[in-house]
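Q: model the following, please.
(one chain, ligands or ions: 1)
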Amino acid sequence: MVHKGSGNGLFHNPSSLALTSCMDFLDSRRKSNSAGKVIAVAFFIAVCIVMLKQVYSPSYTSPDMFAQHELGVTHVLVTGGAGYIGSHAALRLLKDSYRVTIVDNLSRGNLGAVKVLQELFPEPGRLQFIYADLGDAKAVNKIFAENAFDAVMHFAAVAYVGESTIEPLRYYHNITSNTLVVLEAMAAHNVKTLIYSSTCATYGEPIKMPIREETPQLPINPYGKAKKMAEDIIIDFSNTTDMAVMILRYFNVIGSDPEGRLGEAPRPELREHGRISGACFDAARGIIPGLKVKGTDYKTADGTCVRDYIDVTDLVDAHVKALAHAKPRKVGIYNVGTGKGRSVKEFVDACKKATGVDIKVEYLDRRPGDYAEVFSDPSKIKQELSWTAQYTDLQKSLQVAWKWQKSHLNGYGHG
Ligand SMILES: O=c1ccn([C@@H]2O[C@H](COP(=O)(O)OP(=O)(O)O[C@H]3OC[C@@H](O)[C@H](O)[C@H]3O)[C@@H](O)[C@H]2O)c(=O)[nH]1
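A: Below you'll find the predicted structure:
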């Protein structure tokens, strides 16, 4: 089932409203015998036809409403645009004058994030939200048939390493199968530019650090495996077409919009699988008694896992640059990280300083699916896309995110 909305009209279906009012009017006229009213009925039918014509010509088809992007890319489908990274990407695209259609099944994302975007960009046709599940190929095809997308940014995915070890099939369906659906719809509707959200989890646990794009991909958890399979499918398919593909392998994403409009609002019911940033903030807010550090016996300097934390503002900048550099018949693969590894203990210290709360810490056994140390070599993306991370002060990124957390105690309300 597809529900559409643009501007402030979430789920509002104008065509059915117009039809309903026409039918009601005609029904009331039928009950009256006055001949003089025949003219009024004819007039009203004409009005109905005009209304229906309007509602069947949605505003997003107007090509003059937006400044053409210099590369001709104007209308971007953002799958998972109600989620943490997708909503930040949508905001950046809208700020850069792109037209954006968000497709999200709201299983992990938040309608509240879409509402924030709609309030910021209320002009008809700038932003369209479609509630749909990417597993529903019929619905996805309908969306592509009704819109002329220039590019797809495919963010929609479940993304918890721990959960993937418990519910692997959910991950293969949601990540791998749904990517097939997106690719097939792109092929059927001649959409040729894809920016794909991949992950450092596809590398598994390489022996040599930092991780380069040529580092062998040997994922050790279903999340990483599902993303690696999706990458392979995308590459195999793109080799048979003139598609322009960019695969971005994110490291660990943190932070939020510096202007405080968007943030990270994970589902409370998924807290047990939650990422380190969410867990630290929950502990700082007293929602959970303390932070559980999962594993202290790794072969790292302080025994806890090492990760490369990348600010979401930098990450979405990498997407915009990837879109601008995407070329037909080419697959670009890039690590998106800072190049610096930080341990969980270092992360917790930074979070204590950012929040001003002496977060209580409990040390537990390792979490299944975890690897000891990953951090990127981001030199390829610097060289080829002129991108480097700007927000590299971990404490500052966490401070920005904490500010949003404190002012959104219930997230977006999870609706
Ligand atoms: O409550 C927690 C959460 C996490 N951690 C630890 O913190 C480290 C980072 O874990 P996170 O769950 O935040 O992130 P992960 O490294 O597992 O994967 C993350 O980065 C890559 C992305 O593509 C994934 O989507 C994202 O989940 C791990 O060592 C983990 O064990 C804790 O010690 N306690």
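Q: contacts, neighbours, all on C-alpha from now
A: Noted.
Q: who in this protein is up against the ligand?
A: 159-161, 199-201, 250-252, 274-276, 279, 291-294, 305, 344, 367 (CA under 6 Å from any ligand atom).
Q: give me the mean pLDDT for stretch 210-217.
A: On average, the pLDDT along stretch 210-217 is 98.
Q: buried ones in it?
A: Across stretch 210-217, burial judged by 16 or more other CA atoms under 10 Å covers 210, 211, 212, 213, 217.
Q: mind exporting the C-alpha coordinates of that stretch to CSV?
A: Output in CSV follows, covering the C-alpha atoms of stretch 210-217 (Å, rounded to 0.1, in the frame of the first residue of the first chain):
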residue,chain,number,x,y,z
PRO,A,210,43.9,1.4,8.3
ILE,A,211,41.3,-0.1,5.9
ARG,A,212,41.6,0.8,2.3
GLU,A,213,39.0,0.2,-0.3
GLU,A,214,41.0,-2.8,-1.7
THR,A,215,41.2,-4.4,1.7
PRO,A,216,39.5,-7.8,1.2
GLN,A,217,35.9,-7.9,2.4
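Q: now tell me what touches it from outside.
A: For stretch 210-217, contacts defined as CA atoms under 8 Å, 6 or more residues apart in numbering pick out 202-204, 206, 228, 333-335, 339, 374-378.
Q: now for those, which pair is the farthest apart?
A: The span of the contacts of stretch 210-217, defined through CA to CA, is set by 228 and 339 at 21.3 Å.
Q: of the residues of the chain next to the ligand, which count as buried by neighbour count?
A: Using 16+ other CA under 10 Å as the burial test, the residues of the chain next to the ligand include 159-161, 199-201, 250-252, 274-276, 279, 291-294, 305, 344 as buried.
Q: these in helices, which ones?
A: Residues of those located in helices (DSSP state H): 161, 276, 279, 344.
Q: so which of those is the closest to the ligand?
A: Set against the ligand, the nearest of these by CA to the nearest ligand atom is residue 276 (3.7 Å).
Q: just the pLDDT at the closest one, thanks.
A: Note for residue 276: predicted pLDDT of 97.
Q: oh, and call the first residue 337 from now on, that's how I've got it
A: Sure, I'll start numbering at 337, so the last one becomes residue 612.
Q: quick one: it from residue 619, how far?
A: Distance of residue 612 to residue 619, computed by CA to CA, to the nearest Å: 11 Å.
Q: just the buried residues of stretch 546-553: which are in helices?
A: Per DSSP H, helices hold no members of the buried residues of stretch 546-553.
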